[in-house]
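Trainee: Sequence first, predicted coordinates after that:
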Amino acid sequence: MKEVLQINEADNVAVALKDYQAGDTIVIGSKEIKITEDIARGHKIALTSISEGENVLKYGYPIGHAKAPIVPGQWVHTHNTKTNLTGVEEYTFEQKLTPNPFKVENLTFTGYRRFDGSVGIRNELWIVPTVGCVNGVAEQIINIFKAEVGDIAPFDNVLVLKHNYGCSQLGDDHDNTRTILANAVKHPNAGAVLVLGLGCENNNLHIFKDMLGSYDEDRVRFLVSQEVGNEIEEGVKLLKELYNNVQGDHREEVSLSELKIGLKCGGSDGLSGITANPLLGRLSDYMAAQGGTTVLTEVPEMFGAEKILMERAADEAIFHKIVDLINDFKQYFMDYKQPVYENPSPGNKAGGITTLEDKSLGCTQKSGNSTVMDVLKYGELITNKGLNLLNAPGNDLVASSALAAAGCQLVIFTTGRGTPFGTFVPTMKVSTNTPLYEGKRHWIDFNAGVLVEDGSPDEVLHDFINYIISVASGEWVNNEKNNFREISIFKTGVTL
């Protein structure tokens, strides 16, 4: 097992893979370096002298510059390193595409084929409130329904997509709420949906119904609480109708190319860009080779690594969409008089991440080396297979909900600090380090920490793919077992 890692031969820092104390010695190649101070696992160690103002290099790229002279063996972190990021930039299209190393393997999973040809990896009954006022009503309806029906099969689960919006909103906020909820109603993981309204909200159910477009009328019902005498009884009645309509549902074998996977990270640490995120990157490349789809989001966590993504644009039109994605989000920060580099979080810093560039260069590794085939606006549905980028913030629940609403049946979430949450599709947690996996087995589903121990990258990827196929075919992940299921919608404006 390695104890320190220089990621790229151009780097002037290495990452500690264990805790070091002052006086310890590390060896990089033929060079022996004495540690000058205590340095925790996941944090950076200077390999050379770094002058004040000189760039600190990790992953072969600058992650900021030295605020003061740094000597070999010194801890490199927020106290002596500062970001290089500023505001909106101009970019030039310089395409650098990499051949995909993976071959088509014709793997399959078992899923639910829907009337529009899409495939779900779950068959769930959802209540989608048009407004947060009826969240409690929805819960009561579900509790009575489950008590009266008993066995809910062939549904895998019954849940409310609770949220706080749908009223007192204007402009983009109102549009975002309607769009995300409409996408949820038609999501392939939902075998049936009851859309539940109050009656006086901005997100009027009758208008919302019209904007849905084509949907399976045997699988979607609507209820306005103020328009009936007893909304609980009426809701239970409608759920029973939906329950009867799905009795013939069953899984069938489908190609892995039907799978759409959201890529997300949160609570990152110094190993995120070494273990879990590169594992997702290899998975992303593998899925592209199979004709499948992956989606990368967290736009602020592309800042500092955006040029790498721009070089992989499928064509110049996609390049310009990436430029707009980055600069529009930077402008969003500046419109609110906030710095574009106000990241990472305290937990990220404690785990060894120093600047936003440091985080971004690790974060974007989840996309592998694949060509960027499309860039999606917030709330837009996936139309192109392969790697997509999605406009959404870094916030864990908002970004994960956006991935699900874009059509991803599964979100894979890497973490070095741990988190229990899940969005309204299965949210698989991948740990960057083994101690987290061993300490939080009720949160973490897969351990990528073995990649800095004795795990072969090819064997770990093989095991990971097989596990994903099992989950897509019905095996529950921890957020489902714990019933941690939430939805959060991006809010940018005023509340009336």
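Mentor: Structure received.
Trainee: where exactly do the helices run in the stretch 301-450 of the chain?
Mentor: Along the stretch 301-450 of the chain, counting by DSSP state H, counting those that start in this stretch, helices occupy 306-311, 316-335, 346-350, 356-363, 396-405, 434-439.
Trainee: nope, the stretch 1-150 of the chain is what I was after
Mentor: 135-149.
Trainee: Low-confidence bits of it, can you list those?
Mentor: Applying pLDDT under 70 to the stretch 1-150 of the chain flags the ranges 1.
Trainee: what about residue 409, distance to residue 23?
Mentor: 52 Å (C-beta to C-beta, to the nearest Å). Any C-beta I mention is one placed from the backbone N, CA and C, and that applies to glycine too.
Trainee: the more surrounded of these two?
Mentor: Of the pair residue 409 and residue 23, residue 409 is the one with more neighbours under other C-beta atoms under 10 Å, namely 26 against 11.
Trainee: list the contacts for that one?
Mentor: Contact analysis of residue 409 by C-beta atoms under 8 Å, 6 or more residues apart in numbering lists 111, 119-122, 188-189, 259-261, 425-426, 472.
Trainee: Quick one, which of the residues you listed are buried?
Mentor: Buried residues within the contacts of residue 409, counting neighbours by 16 or more other C-beta atoms under 10 Å: 111, 119-122, 188-189, 259-261, 425-426, 472.
Trainee: The longest strand belonging to the chain pairs with which strands, and in what direction?
Mentor: In the chain, assigned by DSSP state E, the strand with the most residues is strand 190-197. According to DSSP bridges, strand 190-197 forms sheet pairs with strand 124-129 (parallel), strand 220-224 (parallel).
Trainee: Same list, the buried ones among the contacts of residue 409, but as a markdown table with distance to residue 52 please.
Mentor: Below are these laid out as a markdown table (distance: C-beta to C-beta, whole Å):
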| residue | distance to residue 52 |
| --- | --- |
| 111 | 57 |
| 119 | 56 |
| 120 | 56 |
| 121 | 53 |
| 122 | 55 |
| 188 | 55 |
| 189 | 53 |
| 259 | 49 |
| 260 | 47 |
| 261 | 43 |
| 425 | 48 |
| 426 | 48 |
| 472 | 51 |
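Trainee: Tell me the one of these nearest residue 39?
Mentor: Distances from residue 39 to those, taken as C-beta to C-beta, are shortest for residue 261 (35.2 Å).
Trainee: Which pLDDT value belongs to the closest one?
Mentor: Residue 261 carries a pLDDT value of 98.
Trainee: Also the one 3 residues further on?
Mentor: For residue 264, the pLDDT comes out at 97.
Trainee: what do you get for the one 4 residues further on?
Mentor: Per-residue confidence (pLDDT) for residue 268: 88.
Trainee: circling back: tell me the one of the buried ones among the contacts of residue 409 nearest residue 480?
Mentor: Closest approach between the buried ones among the contacts of residue 409 and residue 480, by C-beta to C-beta: residue 426, at 5.9 Å.
Trainee: State the distance from that closest one to residue 117.
Mentor: Distance of residue 426 to residue 117, computed by C-beta to C-beta: 21 Å.
Trainee: Kindly report the same for residue 327.
Mentor: Note on residue 327: its distance to residue 117, by C-beta to C-beta, is 36 Å.
Trainee: what does residue 257 give?
Mentor: Applying C-beta to C-beta to residue 257 and residue 117 gives a distance of 13 Å.
Trainee: Which one's more surrounded, those two?
Mentor: Between residue 257 and residue 117, residue 257 has the larger neighbour count (other C-beta under 10 Å), namely 18 against 8.
Trainee: Identify the residues contacting the more buried one.
Mentor: 290-292, 385.
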